[in-house]
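**Student:** The following block contains a protein sequence and its predicted model.
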Amino acid sequence: MTSNNRQTSNNSNANRSPVNGQSARTCQFKMVLLGESAVGKSSLVLRFVRGQFHEYQESTIGAAFLTQTVSVDDTTVKLELWDTAGQERYHSLAPMYYRGAQAAIVVYDITNADTFSRAKVWVKELQRQAAPNIVIALAGNKADLAAKRQIEVVDAQTYADENGLIFMETSAKTAMNVNDIFMAIAKKLPKNQDSSSGRTGNNGPSITVDRPGNSRAAGSDGGCCAGTK
Amino acid sequence: MLVNNDHLGVNTFVASSHANDQCGANGLPLTPNSIIIIGRFQYLKTIEHPNLCRYIDIRKGTHERLLVISEHYERSFESLINENQLLSVEQMQQWSHQILYSLIYLQEKQLHARNLSLKNIRLTQSDQIVKIQNYGLWHMTQYATCVSFPVGDPFYLAPECFALDFTFKNLVTAGNGHHEIEINDPANAKSCVWSFGIILLELCLGQRLYGKQSVAVPMSTSVRCLKLNVRSALDILLRQNTLDQDERLKRTTTQFFLPIIRKCLNVQVQDRLVYFSILEKKKLKDILMSDKQPTFVELLAELGGKPYISPIPRSFQLTLFDGVIPVLDHNLDLIDFKNLDTSPFRCRTIDQIYYLWKLAGGDLIAVLKNAGLIKISPSISKISKFVTDRGDVYGLQRDVNTLFDDTSFQLSLQELENRFNEMPIEILHPLLEGGDSEFEKRQEELDKIIERQPLAVRENDFEYQCHRLILFERLLASYPYQKQRLYTEARKDIPPMYRAFVWAALLEISGNVNDVYNRINKDNIAPTVIRQIEVDIPRCHQYDERLSSPEGHRKMKNVLKGWIASHPNLVYWQGLDSLCAPFVYLNFNNEALAYASLTAFIPKYLNNFFLKDNSLIINEYLVVFSHLIAFHHPDLSNRLETIGFIPDLYAIPWFLTVFAHVFPLNKIFHLWDMLLLGGSPFPLCIGVAILSQLRPFLLKADFNECILLFSELPEIDIERCIRDSIDIFATTPRSCTYREHASDITSYQINNDLDMDPFPLSDLKSERCPRISANEIVELNDLRVQTTSLKTSKLLLIDIRSADEYMKAALPSSVNVSYDKAFDNQIRIVDNRLQQLLEKHRSLVKVVIGNKNHKQTVDFTNNLIANNHSRVCLLHKGIDVFKTTGILYVPTPSDLP
């Protein structure tokens, strides 16, 4: 159940150039995961980065952070993954995490219709508040529990198409589509220097992090998107 | 002295395992049956009755095997039959009373024994006292739904049990959801009346009713009885077993009991024992205060004879807090009672004895293997014939180990008792009140030897734990009288067995916690909150057996609901579950105390953290934390600030859950043992201690490496962390951890210019070091004493005003280093005197004292930190606060450089 998929993630699909080889360029992107509690955000990240899956993955408080490097064509793409807390109350922290993000995965649980509604709210918020060229993917997680499905693939697909989102049903448990959705985003991300915010990759000090204090001062407690249902 | 070895026993059974890869309604794998059983078992630990064997512990072995440890007695009713004893009416009446009283007690506890048999009715050595065993099997196995064997001896089961078991099991299996949902107990107390009737009959006859016949016989007989529609099965049973003409039926004892037996063996449940004298019933009811289901009360009335009174009050009740009476079951037999002085071992509680047995190297698995209760079959015999791609195996021979064997095997306590007898008096008799000075000296020496040992050694040291158990038992029993001593002792360490109560004492819980808890209306909570709790609990500390059991989930939910419902101004934030878990674990059978502990803990350490909008509180907390990092590890602070690795990114789960989300339970226990003795700033010190442990790595890591490290915190040496936290706590002036939102704010005596008072968060953020209050400077540097000088100082007071201002009025023992001359434009220190002072007084706290130009003061401290000088702080509100105090003096020119 905890097979290491790191290898496959690096070699999957069309990317054949070695990560540490003579890649022409290295780009770094910030990606944020959003969605209702217990839909599997942390599990998706953990599956993608470490190839692991824990049935009883602990809840995330505030946010957690991981990185993974993949190759897309000639480019080494380093993804900074910001995994956020799902509980509505932590919403006030979310802008600090998605600010400056070039990509987002909005996750819902296919066995729970409420989480899909919540996902739509997140998409709307991102479209309004996040960077204008942000790449958004919608992940219908827990596809292994298709027997308990409440959200049909067509419905989610239609919604994704209408909103220009990448869409896949995923399963962090079986690893289905997990690498694929991350790779699909990585491919769609613009690889020119400008779009990756001028970050040069390995040199840590170049990374700037938004001070949460400022972000909170900017918008009052979840004021930008109060409606949840 | 009498050596009485009948005390602890272990038996074992195997829970049924689930088919591979099955998921419950929530998408999570089905909870293993062994875990369900472990959760349900915990309640049995609260069962305490002189005629019931105490349940002490349950352990999980491999492959769903469970080991149950309980009080144990060698002799049973079966022994009587084997010895062909002729029993008197009085003797049997006395035993019957004891059995019935214990059944009434079980009924009050809402338990059904369902498992009465000759074998399960044990006797103490004198044969005077009956001790029923294995009565909890029905309850713990969730009415036999968690095991593949039936519960109850078929020879003693009432006819309805056979019918019921079959339909019930089918129902539960069909329901498929027997994991989180509580199933109702299908058993009927009257089924025990039947078993009781059979037992009486067997005692009268002096033989087993069915002799050596197969188990099919009682079942077919039951069916026959039901078909024949007779009132009592007695005659059929006698005839079937060719006992109807037996001479033994004519004995007086038998003649006396036969009418009662006849009524007990009524085939129809509803008719079983409906006849009784109303008066008698009422009288007994009053005595027993049992007005729920009078099943056994009727029977008692029927039995007549002298009412049974338990010969000695066996348990020693300890009322720690109103409404909380922990089970401290002292294992005293009458003989032991008389021998209290000579038997230090026997007067220990049975839980203590088991605990010490384990410390003395007791190995349950080894005991069971030696006894042949666990058989090891060669691996080749476990190869299946066919395996599906989902991992389900077929064609395996049924493992004999999974068959049920209710034999309990005695744990030998002889060696333990010998060790007790050899133990010096100062270990066995810790004194709470001073007295013999020589004795005290010996005790001190004893403490000294073990003091320096690591916690792990101390917790596993047999003699030390023995000493600590007795000491804490006494301290708790005298609580709150010896409260201070309890604190002093807790500072050394807390014996795990009494942790729940010691914590409650340290949290100063008072009042009737049960009453408070029961009064809370827990049903009025918003569905969104309930949903949140429901998704969080199954992810909270699930490696633990108790907390991952459905019973554990229910308790967590109840306690959280109780807290939410009783704190309308606060809300559930994810993380509260982690905070709740240690308390529920420790007080598993006492939701009220778990609730009370959580409720006392939060205002003490997390005041207002659970407000709907807690951003102010958390922000303030994190800034104070940054200041503390800079105070103790300026180099680390400089590095982390440079790479932008700020506490906001990693420390919110630390502080919001006081590390309960970060560490596993065993580490939380040790951490909180110390935390509870410290004040509200202690979590901050723990945070700094963790950083200091990771310091070498953090100093070289870049941002990504740092944050990756914290996304899965590496192994932290918790003892070192505790030691460091204490050091940090001790070397940080109290006012440096001042927080406007801390709960113990009143202890800072506001309204006084010399003390801390709230100031804007933006100021706090613009500064890199903590502020110190004027009062604390006075206190630490003895400023009120005339002879104060730099030599005797605990603080290095650096007055950064101009020399002119300084010469007018300054604090005694302060040195003047004017701001203008101290640093060059690259923030290097250029003032030689300052450089020398800082070198010379490295370990002192440096207080930067400025005037109204606050920015200057802040810059000065920031510059000191930038130069990696530790323990830098600034005087809150500057030198002006001293104007009216009379402490200021006029320096002489010799005070200037």
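**Tutor:** Cool, got the structure.

**Student:** How is chain B partitioned into domains?
**Tutor:** Chain B breaks down into these domains under the TED database: B:7-303, B:423-504, B:513-606, B:614-646+B:665-732, B:771-882.

**Student:** With mean neighbour count and mean pLDDT added, can I get the ones you listed in CSV?
**Tutor:** The C-beta positions use only the backbone N, C-alpha and C, and glycine is treated the same way. Shown next, in CSV, are the domains of chain B (neighbours: other CB atoms under 10 Å in any protein chain shown; pLDDT from 0 to 100):
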stretch, mean neighbour count, mean pLDDT
domain B:7-303, 19, 82
domain B:423-504, 16, 85
domain B:513-606, 21, 94
domain B:614-646+B:665-732, 19, 93
domain B:771-882, 19, 89
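
**Student:** right, so of these, which gets closest to A:A38?
**Tutor:** Nearest to A:A38 among these is domain B:513-606 (3.7 Å), distances taken as CB to CB.

**Student:** Can you report phi and psi for the residue of chain B found nearest chain A?
**Tutor:** Nearest residue of chain B to chain A (CB to the nearest CB) works out as B:D702 at 2.5 Å. Main-chain dihedrals, B:D702, degrees, to the nearest 10: phi -90, psi -180.

**Student:** any chance of the domains of chain B in a markdown table, with distance to A:S71 too?
**Tutor:** A markdown table is the format used below for the domains of chain B (distance: least, CB to CB, whole Å):
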| stretch | distance to A:S71 |
| --- | --- |
| domain B:7-303 | 33 |
| domain B:423-504 | 47 |
| domain B:513-606 | 34 |
| domain B:614-646+B:665-732 | 18 |
| domain B:771-882 | 41 |
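
**Student:** so the residue of chain B closest to chain A makes contact with B:L640?
**Tutor:** No - here B:D702 does not reach B:L640: they are 11.1 Å apart, not a contact under CB atoms under 8 Å.

**Student:** most centrally placed residue in chain A?
**Tutor:** Taking CA atoms, centre = their mean, the centroid of chain A lies closest to A:I105, which sits 3.3 Å from it.

**Student:** what does the model give it for pLDDT?
**Tutor:** A:I105 carries a pLDDT value of 97.

**Student:** now B:V393
**Tutor:** 76.

**Student:** Let me see the contact set for the nearest residue to it once chain neighbours are set aside.
**Tutor:** Using CB to CB, 6 or more residues apart in numbering or on different chains and skipping the chain neighbours, the partner closest in space to B:V393 is B:S384 (3.8 Å). Counting by CB atoms under 8 Å, 6 or more residues apart in numbering or on different chains, B:S384 touches B:V393, B:Y394, B:G395, B:L396.

**Student:** Of all the domains of chain B, which one comes closest to A:T67?
**Tutor:** When the domains of chain B are compared by CB to CB, domain B:614-646+B:665-732 sits nearest A:T67, at 5.6 Å.

**Student:** thinking again about what came up before, SS state for the residue nearest to B:V393?
**Tutor:** Of the three states, B:S384 takes coil according to DSSP: H, G, I helix; E, B strand; the rest coil.

**Student:** you'd agree A:I151 is up against A:S117?
**Tutor:** No - with contacts counted by CB under 8 Å, A:I151 stays clear of A:S117, the gap being 9.7 Å.

**Student:** In contact with the residue nearest the centre of chain B, which residues?
**Tutor:** Closest residue to the average C-alpha location of chain B: B:L586 at 1.2 Å, with CA atoms, centre = their mean. For B:L586, the contacting residues are B:R499, B:A500, B:W503, B:A594, B:S597, by CB under 8 Å, 6+ apart.

**Student:** farthest pair in those?
**Tutor:** Greatest spacing in those, by CB to CB: B:R499 and B:A594 (12.5 Å).

**Student:** re earlier: helices or strands up against the helix or strand harbouring the residue nearest to the centre of chain A?
**Tutor:** Under the criterion of DSSP states H and E, A:I105 resides in strand A:103-109. Of the remaining helices and strands, those touching strand A:103-109 by 3 or more CB pairs under 8 Å, 6 or more residues apart in numbering or on different chains; DSSP states H and E are strand A:25-35, helix A:41-50, helix A:113-129, strand A:135-141, helix A:178-188.

**Student:** Tell me the helices and strands packed up against the last one.
**Tutor:** With contacts defined as 3+ CB pairs under 8 Å, 6+ apart, the secondary structure elements packing on helix A:178-188 are helix A:6-11, helix A:41-50, strand A:63-72, strand A:75-84, strand A:103-109, strand A:135-141, strand A:166-169.

**Student:** how distant is the fourth one from the center of its chain?
**Tutor:** Same thing as strand A:75-84. Strand A:75-84 sits 9 Å away from the centroid of its parent chain (CA atoms, centre = their mean, to the nearest Å).

**Student:** Tell me the strands beside it, with direction?
**Tutor:** Strand A:75-84 has the following strand partners under DSSP bridges: strand A:25-35 (parallel), strand A:63-72 (antiparallel).

**Student:** for the shortest one, which positions count as buried?
**Tutor:** Buried residues in strand A:63-72, counted by 16 or more other CB atoms under 10 Å in any protein chain shown: A:A63, A:A64, A:F65, A:L66, A:T67, A:Q68, A:T69, A:V70, A:S71, A:V72.
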